[in-house]
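Enquirer: Output the structure for:
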Amino acid sequence: MPKKTKSTNTVYPLSAIRALALHTQGLDTPQRTDDTMATQADLYAAVQKTGSLQIDTLQMAHRSHYLAAYSRVGRYDLAELDKVSWGDGQPNHPNRKLFEYWLHAACLVPLEDYRYLMPKMRWFRDGNHHWWKTWVKDKDNLAMTNQVLERVRKEGPVRISDFEYDGPRRDSWWDWKPAKRALEYLYDRGDLMIAGRVKFQRVYDVPERVLPDWVDTREATHDEMQRYFLERALKSLGVAQLMQVADYAYQKRNEARPHLEAMQKEGVAVEIKAELTDGKTYPLVVHQDALDLLEKAAAGEIQARRTTFLTPFDSLFWAKDRDEQFWNFEQILETYKPEPIRKWGYYCLPILWHDQLIGRFDVKMERKEKNLRLRALHLEPGVVLTDEMIADVAAALRDFMAFHDAQTVVIEKSNPPDFAQRLSAIL
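Expert: Below is the predicted model:
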C-alpha cells in the first residue's frame, strides 16, 4: 500500500509550478554548448519522461516526434531515434525500446508499457470502436483480413505498396485501399505491429517477429491499464489539476475519475495549493514521488533554463487549459483552419524561454534550398524583449537550423517588427 501523505497548506508560487512542470517534461536543463550529439540513451530517457511521443504526418520541419525529442535533448541523428523506435530492421532486435500504438493519438511508447496496452488491443478485437463496427460485419472484409494476416505470417514484413489495387481512387485520404484497411484493423487488434518505416510508410509484421524477448506480454486488466497510465501521466505532468491527468492519459474524465479519486485517497496523488497566472489560488495534484522535487522548485534548486522550440503536438500541451493556467499561452493548431481566419499561421512552433512561453513562429523548411523560412514570428502580448532573451532565442535558432541542415533563415514578417530586427542582427 502506498504511503499516505497529507496535503500541505503551503501556497506554492507560479514559478515553482512552472519549474516542476518543465522539469518532469525534460524541458528545464540548458542546452549543450558544444557540438556533441544526443545518444540513443538520451532519447529513450526523454521518452520515458513524457511517456510517449506523438506521431504526425505533417513535415513543415522535421516530423513531430523528431521535434519533441529535439526540444528535450538537442541535436541528434534522426537515425538514432529510428533505431530506438524500430531497431535496425532485424527481427526481435534487443535495441528496440519503443513501439507504435494508440495512446495520445498515434504514439511511440516504451515497450515496458506493452502489456498495459494489450487491453486496448482486445477492445478493438471485440469490435468496440466505431471505425470497425460496420466494416467487420462484411464477410469479404473478414476473409481478406485473414488472407492478409496469413501472407504476413508466411512471407514476412509488408507495406501497403506490396498490395495491388485496381479499384477507384477518390479524394479523401480515408478512402484507403481494402488491404490498407485490413492491415490497420489487424494493427489495432494487436495481430500486427509496426516493424519499421520506409520513407515514413509503415512496415507491418507479426508481434513474434517484432517484440524483443525481454518484453512482458502478460495482459493487464482494463482497470490496471487505466490506473497505470493515469499514474504515469501524473508523473510526466509533474503538477496539474486532477482531471487534467485524465487528459494527458487520453482517458475520458468520467471513466478516469474513480481511479484518480482512489489515487488521492491512497496518497499517490497529493493535493497542493498554488497560485496560477490569474493570481488566484487553486488546488492541484502532484505525485507523491514528486513532493521533494516541488520543494526544490520552490526553493529555487530546480530552475527552468532551457530555450527551445516545441512541436504543436508536444506533450506539454496535452492537459486541457494548462497552457493558459500555467503560462498564459493558448496553444492552437491552425493547420486545418482556412487561411483567412488563421491568427498565427499554418504550423506554428511555440517558443520556450526558460519558464515562459514567449511567442511562436510559423515554420517551413525549404529542404532543397537549405533555407529555414519563418513565415510569421509572433511575440506574446505583454512579453518584454530583453538582450538575454534575444541572445538565447538566436542561439536556439542557430541550433535548430543545424538540426535541419539549414544554411540560411528568412523571416517574412514579425509582430512586433522589433522582434525580427533584433533577432536578425545577431544571427
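
Enquirer: And for the nearest residue to residue 403 once chain neighbours are set aside, the neighbour number?
Expert: In space, and not counting its chain neighbours, residue 403 is closest to residue 75: 5.0 Å by CB to CB, 6 or more residues apart in numbering. From N, CA and C alone the C-beta is placed, and that goes for glycine too. By the measure other CB atoms under 10 Å, the count of residues near residue 75 is 16.

Enquirer: The one 10 residues further on too?
Expert: When counting by other CB under 10 Å, one arrives at 23 neighbours for residue 85.

Enquirer: Dihedrals phi and psi, it?
Expert: Phi and psi for residue 85, reported as degrees, to the nearest 10, are phi -80, psi -40.

Enquirer: For it, give me its contacts.
Expert: 96-100, 108 (CB atoms under 8 Å, 6 or more residues apart in numbering).

Enquirer: Now the two most distant members of the residues you listed.
Expert: Farthest pair in those (CB to CB) is 97 and 100. Separation: 12.5 Å.

Enquirer: coming back round to it: tell me the secondary structure for the residue nearest to residue 403?
Expert: coil (DSSP: H, G, I helix; E, B strand; the rest coil).

Enquirer: Distance check, it against residue 194.
Expert: The gap separating residue 75 from residue 194 is 26 Å, by CB to CB, to the nearest Å.

Enquirer: again, but for residue 231
Expert: Between residue 231 and residue 194 the distance is 26 Å, computed by CB to CB.

Enquirer: try residue 143
Expert: According to CB to CB, residue 143 and residue 194 sit 24 Å apart.

Enquirer: doesn't residue 401 make contact with the residue nearest to residue 403?
Expert: No - contact criterion CB atoms under 8 Å: residue 75 and residue 401 do not qualify, at 10.4 Å.

Enquirer: partners of the nearest residue to residue 105 once chain neighbours are set aside in the sheet?
Expert: The shortest distance from residue 105 to any non-neighbouring residue, by CB to CB, 6+ apart, is to residue 54 (5.4 Å). Note on residue 54: beta-bridge partners residue 107, judged by DSSP bridges.

Enquirer: what's the neighbour count on residue 54?
Expert: Neighbours of residue 54 under the rule other CB under 10 Å: 20.

Enquirer: give the contact list for it.
Expert: By CB under 8 Å, 6+ apart, the residues touching residue 54 are 64-65, 68, 104-107, 311, 313-315.

Enquirer: now it: how far from residue 310?
Expert: Counting by CB to CB, the separation of residue 54 from residue 310 is 12 Å.

Enquirer: likewise residue 154?
Expert: Residue 154 is 44 Å from residue 310, where distance means CB to CB.

Enquirer: Same question for residue 60.
Expert: 14 Å.

Enquirer: Looking at the two, which one has more neighbours?
Expert: Neighbour count, other CB under 10 Å: between residue 60 and residue 310, residue 310 has more, with 25 against 18.

Enquirer: correct me, but the more buried one touches residue 71?
Expert: Yes - counting by CB under 8 Å, residue 310 does reach residue 71; the two are 5.4 Å apart.

Enquirer: Find residues that contact each of these two.
Expert: By the contact definition CB under 8 Å, 6+ apart, residue 310 and residue 71 are jointly contacted by residue 352.

Enquirer: for residue 251, what are its contacts?
Expert: Residue 251 makes contacts with 226, 229-230, as judged by CB under 8 Å, 6+ apart.

Enquirer: Please convert the residues you listed to CSV, extending it with distance to residue 90, pLDDT and neighbour count.
Expert: Formatted as CSV, the contacts of residue 251 follow (distance: CB to CB, whole Å; pLDDT from 0 to 100; neighbours: other CB atoms under 10 Å):
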residue, distance to residue 90, pLDDT, neighbour count
226, 34, 98, 22
229, 30, 98, 27
230, 35, 98, 22
